[in-house]
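In: Structure for this input, please:
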Amino acid sequence: MEPLILPDSNIYIGALRAGVDPFREFAAGIERHDWEFATCGVVELEICRGLRDPGTLQRFRERFAAMRLIATSPEIWAHAAQLAWSLDRRGHVLPAADLLLAAHALHAGATLLTRDAHFQMIPGLSVIDRLPGP
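Out: Presented below is the predicted three-dimensional model:
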């Protein structure tokens, strides 16, 4: 089974701001490393709401549809709530969307690809900040 990678919305945003197609980078990772990329509703919402061009929006929707979807379940909501409660008690208040994203990754056994260092505080979550090279 190939490693599953769940990119955070900040990965897409950073690529777009740099004029890079994030899906092209993902395709290279699939070819070189046999990775599988996933998405979830919270990432799609965060990305699609910020796209201004209808053509770009359509292209992103098509690419997301080709990725493995980690569907939001009652178990994921419960896990996100538990993460929020336990991290809050330790003085680490993370955004709700990030807790939900982490719960998706944990549920699917995925590695979270993100630029946000606060994900390192989440027990058991595998986090990388860039795709490994060839």
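
In: In contact with Asp21, which residues?
Out: Neighbouring residues of Asp21 by CB atoms under 8 Å, 6 or more residues apart in numbering: Ala15. Bear in mind the C-beta positions are built from the backbone N, C-alpha and C, glycine included.

In: now Gly50
Out: Applying CB under 8 Å, 6+ apart to Gly50 gives the contacts Ile13.

In: make it 10 Å
Out: Listed by CB atoms under 10 Å, 6 or more residues apart in numbering, the contact partners of Gly50 are Ser9, Tyr12, Ile13, Leu16, Leu57.

In: helices and strands around the worst-scoring helix or strand of the chain on mean pLDDT, which ones?
Out: Ranked by mean pLDDT, DSSP states H and E, the weakest helix or strand in the chain is helix 22-33, scoring a mean of 80. Packing partners of helix 22-33 (3 or more CB pairs under 10 Å, 6 or more residues apart in numbering; DSSP states H and E): strand 4-7, helix 9-17, strand 36-39, helix 54-66, strand 111-113.

In: Could you save these as JSON lines and add columns showing mean neighbour count, mean pLDDT and distance to Leu100?
Out: Converted to JSON lines, the helices and strands packed on helix 22-33 look like this (neighbours: other CB atoms under 10 Å; pLDDT from 0 to 100; distance: least, CB to CB, whole Å):
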{"stretch": "strand 4-7", "mean neighbour count": "24", "mean pLDDT": "96", "distance to Leu100": "12"}
{"stretch": "helix 9-17", "mean neighbour count": "17", "mean pLDDT": "94", "distance to Leu100": "12"}
{"stretch": "strand 36-39", "mean neighbour count": "21", "mean pLDDT": "94", "distance to Leu100": "13"}
{"stretch": "helix 54-66", "mean neighbour count": "13", "mean pLDDT": "95", "distance to Leu100": "17"}
{"stretch": "strand 111-113", "mean neighbour count": "22", "mean pLDDT": "96", "distance to Leu100": "12"}
